[in-house]
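Show me how the following folds:
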Amino acid sequence: MSKPTYRRILLKLSGEALMGDEDYGIDPKVINRLAHEVIEAQQAGVEIALVVGGGNIFRGAGLAAGGMDRVTGDHMGMLATVINALAMQDALEKAGGKARVMSAIKINDVCEDYIRRRAIRHLEKGRLVIFAAGTGNPFFTTDSGAALRAIEIGADLLLKATKVDGVYDKDPNKHADAVRYESLSYDQVISQGLEVMDTAAFALARDSDLPLRVFDMSQPGELLKILHGEHIGTLVHGRDAH
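As a prediction, the model looks like this:
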């Protein structure tokens, strides 16, 4: 194939993406397929970092809604992302890759602390880096963690893998006439109230002019196509859409 369009990317996976058809936890078939796709993309010549959510195990905001202290719930959610990151590391290594988990909270016995320069060095050496524990702070989602880390490592593109094939004007699961956007500016997302990422994550991406592409990773081969410049899903960027 042709040379990839991007040099370095960050891929954000939701915790729910790891469940497959399960009601809870991690489906080994799903995580193994994702690992092989990531390695295939890396072998094409792209440096890849990942952020995995924890919603398949715990969701801090949901626990808080049930009466738990929000900070405690968010700390539990951060630990859930570490569990998922370790599972992803294992799957990547079993598929032949080299991976490192770096956590925003200190948990040295199971993974490295996040240090920006070391993370970049790992990427330059051909390792896949999985950022865990979000930003390390309560009240910030893993979307915010993904946007922050993408900016810190100088990623050319932030990819958000979802269950739908892009951004729609309304929920395509509820409305048959929902229209998918191929391209949007950050201002359009704000003015139309579209749910792409949480507000803090979106502000980080917009202010740093970090392009974001939303796509459906349950479709095999989509990641590699995007990295070679194909217009899959929805691109959100700083310029007016065209």
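
Where is the longest helix in this structure?
helix 70-94 (DSSP state H).

buried set for that one?
73-89, 91-92 (16 or more other C-beta atoms under 10 Å). No exception for glycine: its C-beta is placed from N, CA and C like everyone else's.

From the chain's centroid, how far away is that helix?
Distance, stretch centre to chain centre, for helix 70-94: 13 Å (C-alpha atoms, centre = their mean, to the nearest Å).

Could you check the angle the helix or strand following it makes with helix 70-94?
Tracing the chain C-terminally past helix 70-94 and defining elements by DSSP states H and E, one meets strand 99-103 next. Put simply, strand 99-103 runs at 170 degrees to helix 70-94, going by axes from the mean of the first three to the mean of the last three C-alpha atoms, to 10 degrees.

Each with direction, which strands does the very next helix or strand once past strand 99-103 pair with?
For strand 99-103, the succeeding helix or strand toward the C-terminus, using DSSP H and E, is strand 112-113. Take DSSP bridges as the rule and strand 112-113 pairs in its sheet with strand 99-103 (parallel).

Mind listing residues that contact the strand it pairs with?
82, 85-86, 88-89, 92-93, 110-115, 118-119, 122, 127-133 (C-beta atoms under 8 Å, 6 or more residues apart in numbering).

ok so, going back, quick one: mean pLDDT over the longest helix of the chain.
For helix 70-94, the mean pLDDT works out to 95.

just checking, what packs against the helix or strand bottoming out on mean pLDDT in the chain?
For the chain, using mean pLDDT, DSSP states H and E, the weakest element among its helices and strands is helix 60-65, scoring a mean of 75. Judged by 3 or more C-beta pairs under 8 Å, 6 or more residues apart in numbering; DSSP states H and E, helix 60-65 is in contact with helix 70-94.
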